[in-house]
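[1] Kindly return the folded structure for what I paste below:
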Amino acid sequence: GRCRVTTAALATVCRVYSRYQLNRCSTFSYNIKHNNNNSSIQTEPNPLNWAAYDEVIDVRTPSEFADDHLPGAVNLPLLGDGDRAAIGKTFARSPFDGRRLGASVISQKIGELLGTHFADKSVDFRPLIYC
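    Coordinates of the predicted model:
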C-alpha cells in the first residue's frame, strides 16, 4: 500500500547510530494537527523525543512528499515516481520480480545516499527516517 503522512498514520523510524549501520527500528503512530499555518506533532503511544534527532528524512517518492510530509522534513526519496510505477507494473506480472527490482533500485539508492548526503555526517549524526 501507499505510505502517506496523514492523521494517525503508521511509520517506521530507524535510528542510524553509525554511518553504515542501520538498527533499532521502532514503530509509532502520530497525528499532525494543522492550526492557522502551524503544525504540531503528537505521537501515541510511544512518544519520541523529536529534539534528539539532527534531521527528519522522508524517503517516499517526490510526489508523495509534495502531497504531505512531517514539518521540517527533507525528502531523500529511495524511489522516483517512475521507479515506483515500473516496480508496480513488474509486481503485477510477477510479485517475485517486482520485489527483486524494488530491492535492487532501493539498495542502489541507499548506496548513493551514503556516499552523498551522509558522507560528511559524523558517526554521532542521528536522523529520523520515515516513509
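
[2] Just name the shakiest helix or strand of the chain by mean pLDDT.
    strand 9-18 (a mean of 33; mean pLDDT, DSSP states H and E).

[3] what about the chain, any weak spots by pLDDT?
    Where the chain drops to pLDDT under 70, the residues are 1-48.

[4] all strands for it, in order.
    Along the chain, the stretches classed as strands by DSSP state E are 9-18, 21-35, 38-44, 55-58, 74-75, 127-130.

[5] For E55, see how far away R84 is.
    Here R84 is placed at a distance of 23 Å from E55 (CB to CB, to the nearest Å). (Each C-beta comes from the backbone N, C-alpha and C, glycine too.)

[6] So for the two, which residue has more residues nearby?
    When R84 and E55 are compared for neighbours, R84 comes out ahead with 19 against 16, by other CB atoms under 10 Å.

[7] With adjacent residues omitted, what lies nearest to that one?
    T61 (5.4 Å; CB to CB, 6 or more residues apart in numbering).

[8] CA atoms of stretch 114-130 as PDB?
    Extracted in PDB, the C-alpha atoms of stretch 114-130 (Å, rounded to 0.1, in the frame of the first residue of the first chain):
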ATOM      1  CA  LEU A 114      25.600   7.100   2.000                       C
ATOM      2  CA  GLY A 115      28.200   8.500  -0.500                       C
ATOM      3  CA  THR A 116      26.500  11.900  -0.900                       C
ATOM      4  CA  HIS A 117      24.000  13.100   1.800                       C
ATOM      5  CA  PHE A 118      25.500  11.100   4.600                       C
ATOM      6  CA  ALA A 119      29.200  11.300   3.600                       C
ATOM      7  CA  ASP A 120      30.100  14.300   5.600                       C
ATOM      8  CA  LYS A 121      28.000  13.400   8.700                       C
ATOM      9  CA  SER A 122      29.700  12.400  11.900                       C
ATOM     10  CA  VAL A 123      29.200   8.900  13.300                       C
ATOM     11  CA  ASP A 124      27.100  10.600  16.000                       C
ATOM     12  CA  PHE A 125      24.600  12.000  13.400                       C
ATOM     13  CA  ARG A 126      21.100  11.000  14.400                       C
ATOM     14  CA  PRO A 127      18.500  11.200  11.600                       C
ATOM     15  CA  LEU A 128      14.800  10.200  12.000                       C
ATOM     16  CA  ILE A 129      14.000   8.300   8.800                       C
ATOM     17  CA  TYR A 130      10.400   7.600   7.800                       C
END
